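Student: Compute the structure for the input listed below.
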Amino acid sequence: MGGIIREAPGRRQRERTIDPRAPPDYIAAHDPMPETVVARFLLKWMLVPLVLLWGYHLAQRRFAETVGAKRLATLYLTGLVLVAWGAVYAFVRLGVPDAWLTAVAVAAVAAAVWQRKRVFPYRLRCATCSRPLGLQRILFRGDNTCETCAPGRDDKETLP
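Tutor: This is a model prediction of the structure:
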């Protein structure tokens, strides 16, 4: 009833297979999840936030006069996600177990917290009067002020 160890053709690694006649509880207990399942999932799906951040960064170009530090923040966030994706890619290529991904996650969060003023300049309320800001002002205005606190400025797009 034990697992059969056999050499995979054309490969140097040994592959462990379970006897198909074994009871289901034995298979569940002795068929461990491959060690890089989470890393492979992240390798594929971490590109989605990367592309979304790049798209957001390109959308900010239309508001070049008013966006300020928020445009640079998207580059920092994109760089952080890209470095984390590179670490996950290296883990998959080297066969490092998924448990080590927690170290990468902790390092990414620590870097974001350490540079939080640069990475997260977004505010939901006006910096001077504490009124709630609209979505366009949150995302595309670098001064974090409402319409009444920033007179004379308009939210018109400027083409480069």
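
Student: for the longest helix along the chain, what is the average pLDDT?
Tutor: Longest helix of the chain, by residue count under DSSP state H: helix 69-94. Mean pLDDT, taken over the full extent of helix 69-94, equals 89.

Student: distance of the residue nearest the centre of the chain from residue 74?
Tutor: Using Cα atoms, centre = their mean, the residue of the chain that lies closest to the mean C-alpha position is residue 81, 4.6 Å off. According to Cβ to Cβ, to the nearest Å, residue 81 stands 11 Å off from residue 74. Using the backbone N, CA and C atoms, a C-beta is placed for each residue, glycine as well.

Student: Figure out how far the helix or strand where residue 138 lies is from the centre of its chain.
Tutor: Residue 138 is part of helix 135-140 when elements are defined by DSSP states H and E. In terms of Cα atoms, centre = their mean, to the nearest Å, the centre of helix 135-140 is found 21 Å from the chain centre.

Student: Same check on stretch 105-124?
Tutor: Averaging C-alpha positions (Cα atoms, centre = their mean) puts stretch 105-124 12 Å from its chain's average.

Student: Stretch 93-113 now?
Tutor: Distance, stretch centre to chain centre, for stretch 93-113: 12 Å (Cα atoms, centre = their mean).

Student: do the same with stretch 117-137
Tutor: 23 Å.

Student: circling back: what touches both of residue 81 and residue 74?
Tutor: For the pair residue 81 and residue 74, residues contacting each of them under the criterion Cβ atoms under 8 Å, 6 or more residues apart in numbering are residue 53.
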